[in-house]
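Novice: 3D, please:
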Amino acid sequence: MILEAGDSALVLELEPRIDVAINAHAIAVADRMVARCLPGVRDVVPTFRSVVVHLDPLAGQAALIAAALAEESASVAAPPRGRVIEVPVVYGGADGPDLGAVATFAGTTAAEVVRRHASVAYRVFMLGFAPGFPYLGPVEESIAAPRLTVPRLKVPAGSVGIAGRQTGIYPADGPGGWRVIGRTDIELFDDTREPPTLMQAGDTVRFVPVSSIEPRLPRVRVAPNVGSRTVTVLQAGWQTSVQDLGRWGWQRFGVPVAGAMDGLAHRLANRFVGNDDDAATLEVTIVGPELRFDADTTVVVCGADLSASVAGGEVVLNQPRRVRAGDVLRFGTRRRGARAYVACAGGVAVPRIMGSRSTYAASGMGGYMGRPLRAGDRIPLGDDRASASVAIPPATIENAMTGRGIEGVRLRVLPGPQAQVCAPDALGRLVGTRFTVSSESNRMGYRLNGGALSPLEDAADMISDATVSGGVQVSGSGAPILLMCDRQTTGGYPQVAAVVTADLPLAAQLAPGDRVEFCLCTQREAHAALVAQEAILEAT
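Specialist: As a prediction, the model looks like this:
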């Protein structure tokens with residue numbers, strides 16, 4: 001069965017169970033879809049029992065892609081068997097805080113849980129959630145404890161966890177809802193390695209209990225070489241980072257797309273100064289930095305109005321201006337929106353990592369040393385092409401930025417890929433409730449306060465599946481989570497809806513405390529909205 005998942009993904013669904021043959025079929029279909037190189041395909045992600053194809057909704061190729069999925073599903077053979085990898089694990093104690101809870105669930109001792117967990121050869125069914133995260137299984141049913149009702153905000157790197165019949169290893173520090181029973185010191189992901197992941201879908205993993213492991217040393221990132229064309233960070237602000245249009249093509253390895261949260265403002269900013277749409281800009285979040293230009297250049301600020309000024313004068317949004325060496329760009333009070341984009345002629349010239357300059361801070365990847373900017377950083381710029389800057393009519397900008405109020409927005413949604421896993425009234429309650437963006441929100445996603453959406457009773461045991469751009473997850477507590485650019489590539493909470501592509505820039509401008517409502521639309525309406533938005537850009 002092939003389903004639409006919002007307006008930017010298609011899902012080939014196989015039988016809903018964890019099974020080696022079903023998974024091998026999904027991996028083979030995904031391999032064949034990648035080999036086809038169909039126009040409009042951005043990413044292909046095999047999961048336990050599905051294949052998710054992320055597509056460009058403007059390419060108009062959804063019917064062709066769906067036909068190809070059906071054809072490959074009917075004809076492919078299973079891929080060859082993978083390698084066998086041994087993983088040393090320290091179980092229990094501070095490294096395995098949930099081991100006792102799993103033992104209670106199983107009605108046995110912690111030592112017996114360890115024995116049962118380590119006595120099985122696990123298949124790598126897929127990679128996802130985070131770069132290099134292996135979903136392994138099946139776990140013996142007696143110790144298949146469900147996920148935590150409320151996910152932890154931080155799980156240490158190397159943690160080994162259980163979620164129902166699945167087990168896995170966290171490659172880096174990050175949030176997660178699995179029951180953590182131990183920890184290992186192996187490095188699962190390295191963006192300088194080819195391939196970047198230690199494990200591949202189809203490999204076999206054996207856990208080996210040990211009494212101790214080596215402490216993991218932090219990876220040292222080296223600042224990029226710079227010339228005379230730089231921007232020096234005097235004050236960092238809050239979460240200022242280098243972003244482009246994202247790191248497409250790597251989600252099957254668990255690598256999030258990242259990129260500019262407000263892709264529309266990012267593209268407009270680049271066009272103002274004569275850059276390609278995918279040139280890197282600086283994404284400024286709510287509290288802006290102080291930036292000194294070390295060479296003459298052309299600069300523009302688009303997106304949120306954060307009271308920008310330079311050389312003692314106000315910076316008017318969406319109006320490029322020439323700055324001189326020594327001029328300082330500052331930000332002040334937030335007037336509207338949450339994220340502004342600073343584009344300089346020539347773009348931010350940090351190295352490309354896996355095809356993108358975007359920062360994905362959770363894994364220390366891309367951007368400037370894999371992290372948000374700090375005071376003292378010197379950010380390299382590309383060649384100045386100020387003569388190529390363009391003027392965009394004010395009415396065009398106003399049309400493009402419609403709805404970017406500071407108090408909140410209404411976002412259009414389509415049914416999500418797991419809407420059937422939620423209670424029958426979940427989608428209706430989503431569109432009938434006014435939510436508030438929680439303080440527990442970031443580039444990965446927004447937790448929304450204001451009402452709970454009930455999943456079905458067995459949703460906690462849902463087989464992990466791929467996430468989609470703008471997906472609205474329903475956590476075990478019923479609280480909705482709106483997935484954003486740094487979203488995990490897969491997850492175990494059902495997605496009841498997906499925000500349409502045209503409205504993702506509006507969602508990007510939400511800040512904690514802002515209101516958000518949802519309304520249903522059709523695929524036709526979603527496509528028309530995106531075409532209209534693109535026409536505004538093309539008019540430039």
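
Novice: contacts, neighbours, all on C-alpha from now
Specialist: Fine.

Novice: strands of the stretch 301-450 of the chain, residue ranges please.
Specialist: Taking DSSP state E, counting those that start in this stretch as the criterion, the stretch 301-450 of the chain carries its strands at 309-310, 313-314, 321-323, 328-330, 336-344, 378-380, 408-415, 435-441, 445-449.

Novice: out of those strands, flag the one nearest R32.
Specialist: strand 408-415 (27.6 Å; Cα to Cα).

Novice: so, low pLDDT: which residues of the chain?
Specialist: Residue ranges of the chain with pLDDT under 70: 218, 385-408, 455-461, 540.

Novice: so which of the strands of the stretch 301-450 of the chain is the most surrounded?
Specialist: strand 336-344 (a mean of 28; mean count of other Cα atoms under 10 Å).

Novice: and the angle from that one to strand 408-415?
Specialist: Relative orientation of strand 336-344 versus strand 408-415 (axes from the mean of the first three to the mean of the last three Cα atoms, to 10 degrees): 80 degrees.

Novice: who touches strand 336-344?
Specialist: 261-262, 265-266, 269-270, 273, 280-286, 297-306, 381, 404-406, 508-511 (Cα atoms under 8 Å, 6 or more residues apart in numbering).

Novice: go again using 7 Å as the cut-off
Specialist: 265-266, 269-270, 273, 281-286, 297-305, 404-406, 509-511 (Cα atoms under 7 Å, 6 or more residues apart in numbering).

Novice: re earlier: turn the strands of the stretch 301-450 of the chain into TSV, including distance to A361.
Specialist: Formatted as TSV, these follow (distance: least, Cα to Cα, whole Å):
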stretch	distance to A361
strand 309-310	28
strand 313-314	31
strand 321-323	30
strand 328-330	24
strand 336-344	17
strand 378-380	17
strand 408-415	27
strand 435-441	15
strand 445-449	14
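
Novice: do you know which of the ones you listed lies nearest E525?
Specialist: strand 408-415 (9.4 Å).

Novice: so how far is the closest one off the chain centroid?
Specialist: 19 Å (Cα atoms, centre = their mean, to the nearest Å).

Novice: please, which helix or strand holds the nearest residue to W250 once chain neighbours are set aside?
Specialist: Leaving aside its chain neighbours, W250 sits nearest to D43 (7.0 Å; criterion: Cα to Cα, 6 or more residues apart in numbering). Using DSSP states H and E, D43 falls within strand 41-46.

Novice: tell me what that strand is packed against?
Specialist: helix 20-36, strand 50-55 (3 or more Cα pairs under 7 Å, 6 or more residues apart in numbering; DSSP states H and E).

Novice: quick one: these as JSON lines, columns for mean neighbour count and distance to A236 too.
Specialist: Shown next, in JSON lines, are those (neighbours: other Cα atoms under 10 Å; distance: least, Cα to Cα, whole Å):
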{"stretch": "helix 20-36", "mean neighbour count": "20", "distance to A236": "40"}
{"stretch": "strand 50-55", "mean neighbour count": "26", "distance to A236": "34"}
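
Novice: out of the ones you listed, which is closest to S8?
Specialist: strand 50-55 (5.2 Å).

Novice: partner strands of that closest one, with direction?
Specialist: If you go by DSSP bridges, strand 50-55 pairs up with strand 9-13 (antiparallel), strand 41-46 (antiparallel).

Novice: quick one, that strand and helix 20-36 angle?
Specialist: Going by the same axes, to 10 degrees, strand 50-55 makes 20 degrees with helix 20-36.

Novice: right, and the helix or strand after strand 50-55?
Specialist: helix 62-75.

Novice: break the protein into its domains for me.
Specialist: Residue ranges for the domains of the chain, per automatic domain parsing: 2-75, 84-209, 230-400, 408-538.

Novice: wait, which of the ones you listed is closest to R216?
Specialist: Nearest to R216, of those and by Cα to Cα, is domain 84-209 at 6.2 Å.

Novice: so how far is L414 from L520?
Specialist: Separation of L520 from L414 (Cα to Cα, to the nearest Å): 6 Å.

Novice: tell me which of the helices and strands packed on strand 41-46 sits nearest to E71.
Specialist: helix 20-36 (9.3 Å).

Novice: what's the angle between that closest one and helix 62-75?
Specialist: 130 degrees.

Novice: pull the distance from helix 20-36 to the chain's centre.
Specialist: Distance, centroid of helix 20-36 to centroid of chain: 23 Å (Cα atoms, centre = their mean).

Novice: packing partners for it?
Specialist: Using 3+ Cα pairs under 7 Å, 6+ apart, helix 20-36 is in contact with strand 41-46, strand 50-55.

Novice: at 10 Å instead, please
Specialist: On a contact count with 3 or more Cα pairs under 10 Å, 6 or more residues apart in numbering; DSSP states H and E, helix 20-36 meets strand 9-13, strand 41-46, strand 50-55, helix 62-75, strand 121-127.

Novice: out of those, which is closest to G451?
Specialist: So among the helices and strands packed on helix 20-36, strand 9-13 is nearest, using Cα to Cα, at 27.4 Å.

Novice: and the closest one, C-alpha only, in PDB?
Specialist: The C-alpha coordinates for strand 9-13 follow below in PDB (Å, rounded to 0.1, in the frame of the first residue of the first chain):
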ATOM      1  CA  ALA A   9       6.600  12.300   1.100                       C
ATOM      2  CA  LEU A  10       5.200   9.000   0.000                       C
ATOM      3  CA  VAL A  11       5.200   5.800   2.000                       C
ATOM      4  CA  LEU A  12       5.300   2.200   0.800                       C
ATOM      5  CA  GLU A  13       3.800   0.300   3.700                       C
END
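
Novice: please list all residues in contact with the residue nearest to W250.
Specialist: Going by Cα atoms under 10 Å, 6 or more residues apart in numbering, D43 touches 9, 30, 33-34, 52-56, 248-252, 257.

Novice: quick one, helices of the stretch 251-400 of the chain?
Specialist: Under the criterion DSSP state H, counting those that start in this stretch, the stretch 251-400 of the chain contains helices at 263-272, 394-400.

Novice: quick one, the longest one and strand 336-344 angle?
Specialist: Compare the direction of helix 263-272 with that of strand 336-344 by the same axes, to 10 degrees and you get 30 degrees.
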